[in-house]
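1. Here is the input, now give the coordinates:
(one chain, ligands or ions: 1)
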Amino acid sequence: MKHAEQTVCPYCSGNGYVQLLLGGSETCYCCLGKGTETKK
Ligand SMILES: [Zn+2]
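-> Okay, here's the model as predicted:
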C-alpha cells in the first residue's frame, strides 16, 4: 500500500462531520470538514 501524506481524520473517521449526542451533525473541527488529517 502507498503511504499517503494525508490520513483519515480519527475524530470523524473521514466523514468530515461528527454526529452530535443531541442529534444532527456538525462540521468536524479537527479537520474542518475535509475528512483528512493534515500533518504539519
Ligand atoms: Zn475530522
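2. Could I get the full set of helices for this structure?
-> In order along the chain, the chain carries no helices (DSSP state H).
3. Which residue ranges of it form strands?
-> Using DSSP state E, the strands found in the chain span residues 7-8, 17-19, 25-27, 36-37.
4. Go through those and pick out the most buried.
-> When you average the neighbours per residue for each of the strands of the chain (mean count of other CB atoms under 10 Å), strand 36-37 leads with a mean of 16. C-beta here means a position set from N, CA and C on the backbone, and glycine is covered the same way.
5. is it up against the ion anywhere?
-> No: using CB under 5 Å from the ion, strand 36-37 never reaches the ion; the gap is at least 7.1 Å.
6. what packs against that strand?
-> strand 7-8 (3 or more CB pairs under 8 Å, 6 or more residues apart in numbering; DSSP states H and E).
7. Now tabulate the strands of the chain in CSV and tack on mean pLDDT.
-> As requested, the strands of the chain are exported to CSV (pLDDT from 0 to 100):
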stretch, mean pLDDT
strand 7-8, 92
strand 17-19, 94
strand 25-27, 96
strand 36-37, 90
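8. And for the nearest residue to residue 5 once chain neighbours are set aside, the neighbour number?
-> Excluding the flanking residues, the one nearest residue 5 by CB to CB, 6 or more residues apart in numbering is residue 39, at 6.3 Å. By the measure other CB atoms under 10 Å, the count of residues near residue 39 is 7.
9. Same question for residue 28.
-> Residue 28: 20 surrounding residues under other CB under 10 Å.
10. Touching, it and residue 15? I think so.
-> Yes: assessed by CB atoms under 8 Å, residue 28 is found in contact with residue 15 at 7.3 Å.
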